[in-house]
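Engineer: Sequence plus predicted model, see below.
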Amino acid sequence: MRPIPMILRISLFILLNHLLPLQAQDVTTGYLPTSRILFIFDASNSMAGQWEGARKIDLAREILFEMVDSLEKMENVEMALRVYGHQSPVPPQDCSDTKLEVPFSPSNASRIRQKLRFINPKGTTPIAHSLELAPEDFPPCGNCRNIILMITDGIEACNGDPCRVSINLQKKGIILRPFIIGIGSDPGLKETFNCMGEYYDAPTKKQFREALNVVITQALNTTSAQVNLLDSDHRPTETDVNVVFYDRFSGVIRYNMIHTLNVMGNPDTLSLDHLSTYRVKAQTIPPSILDSVKLTPGRHNIIGMDAPQGFLLVRTKRGTAYDQEKILVKKAGEHQTINIHQMGNVGKYLVGKYDLEIPIYPLMIVKDVEVIQSYTTTVEIPAPGFVTFSAKQPGAGALYQLNPEGDQRWVMNLLESRKSQGYYLQPGSYRVVFRRADLKSTAFSVVRDFEVGEGSSEIIKFY
């Protein structure tokens, strides 16, 4: 085993484990998950050393007994015990010496106390390996807060990397933010464990107990919060939007809900886990995002997000010719499509200006359409005319729109496999160029100019 620093160190990890994404009903006012605490207890040979007139293992066991006694009386709390360094003496070094001694089950506090009474320090300190195995100690549960609490008097002794293990588990969404309590004043202890989470210094038994109580309180207490979706006047009136809470470190979805105003007209109160830092996304169009949301435990947290919204309606002045068309909506001046909007339907968007790409003939671009708070902005498209192109034989052709200066703007190529084909076209002046496929000379190209009016019907023949 590696040499133990001269000043006693007892480190405590509390790692919140998220196995399954929480459902929407789990994050309303009545959210009450089961908190499952896995104790990982160091019984390596260095725990036989002295601290404040007693063996380290005896003092650590005494503090753990007090904690088990307290947790035993709490509702919705379950416990389990994993021990390492208690089966194989050193030398030689057995880096697989870790075992789940008491699995999770209701009312097993007496079994945990009994197992702890008869454990004696023997072996080495495989911290990383114990952390690697710990997630398997939690049976599957969709509404549980899974907590790992590790007590040790030394650092990793088996060439493992507890920081790497912890970070990998966090990135996978298995373990969330850890807490570390170190007894002693060795500055190297903070450097060793700081990569895992928040460090608490406790140089005496009294301070260790106080720090432990603080961490346990933080780990077990839920925190209330509300999400204020703010309108243009900074009032929390916006609602009925999907709000997603992501763990910022792992990217795992922690909560997924439809924002609600309660019967009093206020944003609904949520019970959230404050041990995560969140990336909150309100699925407005475009999305509203807060990147780093930290909750303060023991108080009601208000999460404010700018989400002022208005409405957009795109329709034809008369008729239903375009009712199934899909409109590409982009933020004004940008190229990325943020939504596909159906003609004739009302959609909700953040206040601002948008460019619309309407896939009709000719392609229509409407720029700087302004959406205003709680107001329906209506864009009306002229009713199209219907034009039929007819020939005795299929052929190649192209359709152009004419502008007042006499230039032609390409609209489409005609289908070469059809004798007759019809299209809705916006009112305006057009030119069609066509040659039958069976006539093998450019001299047979035909050019026709024509007009399209609102609601008109035209047949262009090539005979």
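Structural biologist: Arrived safely, thanks for sending.

Engineer: quick one: strands adjacent to the helix or strand containing residue 146?
Structural biologist: Per DSSP states H and E, residue 146 falls inside strand 144-152. Sheet pairing here is set by DSSP bridges, and for strand 144-152 it gives strand 11-17 (antiparallel), strand 34-42 (parallel).

Engineer: Which SSE is immediately downstream of that strand?
Structural biologist: helix 162-171.

Engineer: re the thing from before, lowest-confidence stretch among the strands paired with strand 144-152?
Structural biologist: When these are compared on mean pLDDT, strand 11-17 scores lowest, with a mean of 46.

Engineer: before we move on, back to that, and the strand holding residue 146, how far from the chain's centre?
Structural biologist: Strand 144-152 sits 24 Å away from the centroid of its parent chain (CA atoms, centre = their mean, to the nearest Å).

Engineer: and if you look at stretch 334-343?
Structural biologist: On CA atoms, centre = their mean, the centre of stretch 334-343 falls 23 Å from that of its chain.

Engineer: Check which helices and strands the host helix or strand of residue 409 sits against.
Structural biologist: Take DSSP H and E as the rule and residue 409 turns out to sit in strand 408-414. Counting contacts by 3 or more CB pairs under 8 Å, 6 or more residues apart in numbering; DSSP states H and E, strand 408-414 packs against strand 395-402, strand 420-425, strand 428-436. For glycine as for every other residue, the C-beta is placed from the backbone atoms N, C-alpha and C.

Engineer: Now do the domain split for this protein, please.
Structural biologist: 11-220, 223-306, 309-381, 385-462 (automatic domain parsing).

Engineer: for the stretch 151-300 of the chain, what are the low-confidence residue spans?
Structural biologist: Along the stretch 151-300 of the chain, the parts satisfying pLDDT under 70 run over 173-178, 182-189, 202.

Engineer: where exactly do the strands run in it?
Structural biologist: 179-182, 198-201, 223-230, 242-247, 253-258, 270-272, 277-282, 288-294 (DSSP state E, counting those that start in this stretch).

Engineer: ok and the longest one relative to strand 242-247, angle-wise?
Structural biologist: Read that as strand 223-230. For strand 223-230 against strand 242-247, the angle by axes from the mean of the first three to the mean of the last three CA atoms, to 10 degrees is 130 degrees.

Engineer: Run the chain-centre distance for strand 223-230.
Structural biologist: With CA atoms, centre = their mean, you get 17 Å for strand 223-230.

Engineer: Can you show me the CA trace of it as CSV?
Structural biologist: What follows is strand 223-230 as a C-alpha-only set of coordinates in CSV (Å, rounded to 0.1, in the frame of the first residue of the first chain):
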residue,chain,number,x,y,z
THR,A,223,-35.0,22.3,-3.8
SER,A,224,-38.1,24.1,-5.2
ALA,A,225,-37.9,26.2,-8.3
GLN,A,226,-40.1,27.8,-10.9
VAL,A,227,-39.4,28.7,-14.5
ASN,A,228,-40.6,32.1,-15.5
LEU,A,229,-41.0,32.4,-19.3
LEU,A,230,-40.9,36.2,-19.7
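
Engineer: all helices for this protein, in order.
Structural biologist: Ranges of helices in the chain, per DSSP state H, are 56-72, 109-117, 127-133, 162-171, 187-193, 205-220.

Engineer: how about JSON lines for the ones you listed, with distance to residue 317 and mean neighbour count added?
Structural biologist: Shown next, in JSON lines, are these (distance: least, CB to CB, whole Å; neighbours: other CB atoms under 10 Å):
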{"stretch": "helix 56-72", "distance to residue 317": "70", "mean neighbour count": "18"}
{"stretch": "helix 109-117", "distance to residue 317": "75", "mean neighbour count": "16"}
{"stretch": "helix 127-133", "distance to residue 317": "67", "mean neighbour count": "23"}
{"stretch": "helix 162-171", "distance to residue 317": "55", "mean neighbour count": "18"}
{"stretch": "helix 187-193", "distance to residue 317": "70", "mean neighbour count": "16"}
{"stretch": "helix 205-220", "distance to residue 317": "62", "mean neighbour count": "17"}
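
Engineer: closest one to residue 433 among these?
Structural biologist: Residue 433 lies closest to helix 162-171 among the helices of the chain, at 60.1 Å (CB to CB).

Engineer: now that closest one, how far from the centre of its chain.
Structural biologist: On CA atoms, centre = their mean, the centre of helix 162-171 falls 19 Å from that of its chain.

Engineer: other SSEs contacting that helix?
Structural biologist: helix 127-133.

Engineer: Which residues outside the helix it packs on are in contact with it?
Structural biologist: Outside helix 127-133, the residues within contact range by CB atoms under 8 Å, 6 or more residues apart in numbering are 40, 82, 84, 95-96, 98, 100, 148, 150, 152, 155-158, 160-162, 164-166, 169.

Engineer: Just the buried residues of those residues.
Structural biologist: Buried members of the contacts of helix 127-133, scored by 16 or more other CB atoms under 10 Å, are 40, 82, 84, 95, 98, 100, 148, 150, 152, 155-158, 160, 162, 165-166, 169.

Engineer: circling back to that earlier point, so which of the helices of the chain is nearest residue 352?
Structural biologist: Of all those, helix 162-171 sits nearest to residue 352, with 35.0 Å by CB to CB.

Engineer: Return the alpha-carbon coordinates of that closest one using PDB.
Structural biologist: This file holds the C-alpha atoms of helix 162-171, laid out as PDB (Å, rounded to 0.1, in the frame of the first residue of the first chain):
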ATOM      1  CA  PRO A 162     -10.500   7.800  -9.300                       C
ATOM      2  CA  CYS A 163     -10.700  11.200 -11.000                       C
ATOM      3  CA  ARG A 164     -10.900   9.600 -14.500                       C
ATOM      4  CA  VAL A 165     -13.400   7.100 -13.300                       C
ATOM      5  CA  SER A 166     -15.600   9.800 -11.700                       C
ATOM      6  CA  ILE A 167     -15.400  12.100 -14.800                       C
ATOM      7  CA  ASN A 168     -16.200   9.200 -17.200                       C
ATOM      8  CA  LEU A 169     -19.200   8.200 -15.100                       C
ATOM      9  CA  GLN A 170     -20.400  11.800 -15.000                       C
ATOM     10  CA  LYS A 171     -20.000  12.200 -18.700                       C
END
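
Engineer: Name the residues that touch stretch 308-315?
Structural biologist: By CB under 8 Å, 6+ apart, the list of residues contacting stretch 308-315 from outside reads 230-232, 238, 284, 327, 329, 341, 343-351, 354, 356, 358, 369, 371-381.

Engineer: Now it: average pLDDT?
Structural biologist: Averaging pLDDT along stretch 308-315 gives 97.

Engineer: With stretch 66-76 instead?
Structural biologist: Mean pLDDT, computed over stretch 66-76, is 87.

Engineer: Quick check: closest non-adjacent residue to the spatially most central residue of the chain.
Structural biologist: The chain has residue 246 as the residue nearest its centroid, 2.9 Å off, counting by CA atoms, centre = their mean. Once flanking residues are discounted, residue 246 sits nearest to residue 279: 4.3 Å by CB to CB, 6 or more residues apart in numbering.
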